[in-house]
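[1] any chance you can model this:
(one chain, ligands or ions: 1)
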Amino acid sequence: MLQTAYTLYPWLLDLSKPKDGLFRAILSFVMVILAISLWHLWFVKKSKKIVAQLPPGPRGLPIVGYLPFLGTDNLHLSFTELAATYGPIFKLWLGNKLCVVISSPELAKEVVRDHDVTFSERDPPIAAQVASFGCNDISFDSYSNPRWKNKRKVLATELLTNARLNACYGLRREQPIDIGKWTYLVALNAAISMILGGELPGEKGAAIEGNLKENSSESMVLMGKPNVSDIFPAIARFDIQGIERRMRKINQQFNRLLESVIEMAIDKEKDMKSSEQKLGFLELLLHLERNNNEDNASPLTMDEVKGLLVDILVGGTDTTTTMVEWTMAELMQRPEIMEEVKKELSDVVGVNNTVEEFHLSNLSYLNAAIKETFRLHPALPLLVPRCPGRSVHLNGYTIPKGSRLFINMWCIHRDPGIWENPLEFRPERFLNDPDNSNHYGNDFRFMPFGSGRRKCPGIPLGEKLLFFILASLLHSFEWRLPHGIVLDMSGKFGIVMKKKEPILLIPTPRLTNLDIKNAKKTMIESLICTLIIKFRIY
Ligand code: HEM
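    Model prediction:
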């Protein structure tokens, strides 16, 4: 056609033959109309194709998209409301970033099982890039980066094996696992003792603990918040919401803390040759870092060592603490279920014994209560958002490469089509229905730890710690709310959704054992001394 137009063009413009003028004018007119029609047909077809292939979703405003209507406080709730209108897969534009949200187990399965590799990429927000030392951790590193696999391997096969966790049990019990430093302090001390192979000394330890608690909570909120800079990279340098600035400040403090922890590990190594039993994770990581240039199967850079420490110290402790708080809050509201838990503890552990790790496998009712809490309050309500590495079809729709995909587990965990009376806290549903009990990523209705290649690699530590802390808290003390206080069950949205208000409870020793009474004193003292623990007791 171009060729024809090209040969006709001089003839059309040849004004030397006036009698052909009318014919030429008509022909020109027809050609222009034809060209416009063809272009129009092509354009409409193309845009129709694009619109028809994308999932349905709410209309937004030009340029900003749906951003002004979304609210930033409770993304999972906004997404759940939108799913009620647009169905289990919908899209929304945040600026020119296309986001897709899925809210059904069937679609979750397609993402995490059928198209797992494609959806194993991340789309790290700026806050996460800063927090993770430039995506040098596991959570936000790219799936296609072979170093990501390497780091997961280090964590899973070198650090979090059952054998190592069991070997560390002595360490965990030695200092942090006394009743005076529960919840965050316990989880953090457990993580630190595993990392360092011992306790952080005195004041330095207290400073690190205090800083980490505040910083890690804030960084979880900053990472979950929609950030205008992520949506409009052209204006990212203005950092309109101040998220990057705040995250950089936190990261500087983290960096100082991590460097002093690393220094301590190096000093310790110099001072004494650690026995095999006391070899902490960090010594192993440093060993892998030192051998970076040699023929080592698992070389790590120093930023990757720090990234891994952040994953363990922040990712591990914040999730565990959050789940202890939600479980305690749910149990405090349901005395009959609390009684059932305590009865089981008395039967399995005995009224004069403290909880030991070997008791945990026999505490099936407590286990069910923890699962029920995971269902109603998944620590990561939207998991960690994914990003398809190439365009992919899902449920007849195209999910373009580079879009951001959220799996709304909060919505799936409360779907009345899946769960009977979903808002009721009923541990029995996990006791009586073995189909409901797989929470390691094979049951797409219940995925508190995610699934597929990017599922949580910290399950063995997180689960053990959570179970052990809760069993010890509930077996050692009776708990009651301060007079006149009503429990607030609302959450504070972040990548990890914490309780909005801390849970304040008064403990009374439940056991006759003297050690426990002393432990209570330690607990009260430590809680009064520092405001870092959400579990405040008075
Ligand atoms: C109760 C405790 C915990 C819960 C509920 C939890 C939950 C989760 C969830 C939902 C994800 C996202 C999975 C996905 O996107 O499919 C995740 C990822 C992750 N978790 Fe955990 N976690 C816990 C404890 C831990 C611990 C103790 C560690 C470290 C020792 C840890 C390290 C990580 C890492 C590194 C990732 C990112 C994995 C990747 O992107 O490849 N978690 N976790």
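[2] the strands in the stretch 301-450 of the chain, which residues?
    Counting by DSSP state E, counting those that start in this stretch, the stretch 301-450 of the chain has strands at residues 386-387, 392-394, 397-399, 404-407.
[3] any weak-confidence spans in the stretch 401-538 of the chain?
    Residues of the stretch 401-538 of the chain meeting the criterion pLDDT under 70: 433-437, 511-538.
[4] re earlier: who wins for proximity to residue 349 among the strands of the stretch 301-450 of the chain?
    Closest of these to residue 349 is strand 404-407, at 37.2 Å (criterion: CB to CB). Every C-beta, even on glycine, is put in place using the N, C-alpha and C of the backbone.
[5] other SSEs contacting the closest one?
    strand 97-102, strand 386-387 (3 or more CB pairs under 8 Å, 6 or more residues apart in numbering; DSSP states H and E).
[6] residues in contact with the last one?
    So the one you mean is strand 386-387. With contact meaning CB atoms under 8 Å, 6 or more residues apart in numbering, strand 386-387 is reached by 111, 119-123, 402-405, 407, 454.
[7] mind redoing it with 10 Å?
    100, 111-112, 115-116, 118-124, 142-143, 399, 401-407, 450, 452, 454 (CB atoms under 10 Å, 6 or more residues apart in numbering).
[8] filter those residues by proximity to the ligand?
    450, 454 (CB under 6 Å from any ligand atom).
[9] what residue in the stretch 201-350 of the chain comes nearest to the ligand?
    residue 316 (2.9 Å; CB to the nearest ligand atom).
[10] neighbours of that residue, how many?
    By the measure other CB atoms under 10 Å, the count of residues near residue 316 is 23.
[11] for the one 10 residues further on, same thing?
    The burial metric for residue 326, expressed as a neighbour count using other CB under 10 Å, is 23.
[12] got it, and residue 195?
    Neighbour number of residue 195 under other CB under 10 Å is 24.
[13] quick one, what contacts residue 99?
    Per CB under 10 Å, 6+ apart, neighbours of residue 99: 57, 65-66, 70, 79, 90-93, 123, 226, 231, 385, 403-406.
[14] where does the prediction get shaky in this structure?
    Those would be 1-52, 72, 158-183, 197-213, 269-280, 292-298, 433-437, 511-538, if you go by pLDDT under 70 across the chain.
[15] can you give me the strands in it?
    Using DSSP state E, the strands of the chain run over 89-94, 97-102, 121-122, 386-387, 392-394, 397-399, 404-407, 477-480, 491-492, 498-499, 506-509.
[16] to residue 288, which of these lies closest?
    strand 121-122 (23.2 Å).
[17] so which elements touch that closest one?
    Applying 3 or more CB pairs under 10 Å, 6 or more residues apart in numbering; DSSP states H and E, one finds that strand 121-122 contacts strand 386-387.
[18] residues of the protein that sit close to the ligand?
    Residues of the chain lying near the ligand (CB under 6 Å from any ligand atom): 138-139, 152, 311-312, 315-316, 319-320, 323, 379-380, 383-384, 448-451, 454-458, 461-462, 466.
[19] pull out the buried residues from those residues.
    138-139, 152, 311-312, 315-316, 319-320, 323, 379-380, 383-384, 448-451, 454-458, 461-462, 466 (16 or more other CB atoms under 10 Å).
[20] surely the residue of the stretch 201-350 of the chain closest to the ligand touches residue 464?
    No: Residue 316 is not in contact with residue 464 according to CB atoms under 10 Å; the separation is 11.1 Å.
[21] sitting in helices, which of the buried ones among the residues of the chain next to the ligand do you find?
    Counting by DSSP state H, these place 152, 319-320, 323, 461-462, 466 in helices.
[22] possible to save those as CSV with distance to residue 186?
    Output for those, formatted as CSV (distance: CB to CB, whole Å):
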residue, distance to residue 186
152, 26
319, 14
320, 9
323, 13
461, 13
462, 13
466, 10
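[23] and those, which two are the farthest apart?
    Once CB to CB is applied, these give 152 and 323 as the farthest pair, at 22.2 Å.
[24] helices of the stretch 201-350 of the chain, residue ranges please.
    Assigned by DSSP state H, counting those that start in this stretch, the stretch 201-350 of the chain shows helices spanning 202-224, 228-231, 243-271, 281-290, 302-310, 317-333, 335-349.
[25] can you say which of those helices is nearest to residue 128?
    Across the helices of the stretch 201-350 of the chain, closest to residue 128 is helix 202-224 (CB to CB), at 4.9 Å.
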